[in-house]
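**Student:** Build me a model from this:
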Amino acid sequence: MDESQRFSFLNFLNLCVEDGGSPYAEEFCDAMEQYCYENDIEPAIPLNLVNRRTAKLVRNGSKGEYVEF
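**Tutor:** Prediction:
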């Protein structure tokens, strides 16, 4: 994904359902985060910028593990 695609996708994930956003944005982010964690890769988009999530996990800088934010 290039930078503009990432930005557009983040905007889509932040849209509320009433404005055309997905009702599964949080589940998608959780699944993507889990997949990246299990495979030791960085997510293609910064998931901590998705406002619609109730629980946010971010990488801990020292060990590279995910911690609740």
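**Student:** ok, Leu47 - how many residues close by?
**Tutor:** 22 (other C-beta atoms under 10 Å). Where C-beta positions appear, they are placed from N, C-alpha and C, glycine not excepted.
**Student:** Could you double-check that it sits in contact with Glu26?
**Tutor:** No: look at Leu47 against Glu26 with C-beta atoms under 8 Å: they stay out of range, at 10.3 Å.
**Student:** ok, so what distance separates the residue nearest the centre of the chain from Pro23?
**Tutor:** Closest residue to the average C-alpha location of the chain: Leu47 at 2.4 Å, with C-alpha atoms, centre = their mean. Distance, Leu47 to Pro23, using C-beta to C-beta, to the nearest Å: 18 Å.
**Student:** where along the chain do the strands fall?
**Tutor:** 57-59, 66-68 (DSSP state E).
**Student:** Quick check: the residue lying closest to Val50 once chain neighbours are set aside vs Ser4, distance?
**Tutor:** If the residues on either side of it in the chain are set aside, Val50 comes closest to Leu13, at 4.8 Å by C-beta to C-beta, 6 or more residues apart in numbering. Distance of Leu13 to Ser4, computed by C-beta to C-beta: 15 Å.
**Student:** which one of these two has more residues nearby?
**Tutor:** Taking neighbours as other C-beta under 10 Å, Leu13 and Ser4 compare with Leu13 leading, 21 against 8.
**Student:** so what's the more buried one up against?
**Tutor:** By C-beta atoms under 8 Å, 6 or more residues apart in numbering, the contact list for Leu13 reads Gly21, Ser22, Ala25, Phe28, Cys29, Ile45, Val50, Arg52.
**Student:** What degree of burial does the second one show, as a neighbour count?
**Tutor:** I take that to be Ser22. Ser22: 13 neighbours (other C-beta under 10 Å).
**Student:** Quick one, grab the pLDDT at it.
**Tutor:** At Ser22, the model reports a pLDDT of 84.
**Student:** Then the third one?
**Tutor:** Predicted confidence (pLDDT) for Ala25: 86.
**Student:** Glu26 against Arg52, yeah?
**Tutor:** Yes: counting by C-beta under 8 Å, Glu26 touches Arg52, with 6.0 Å between them.
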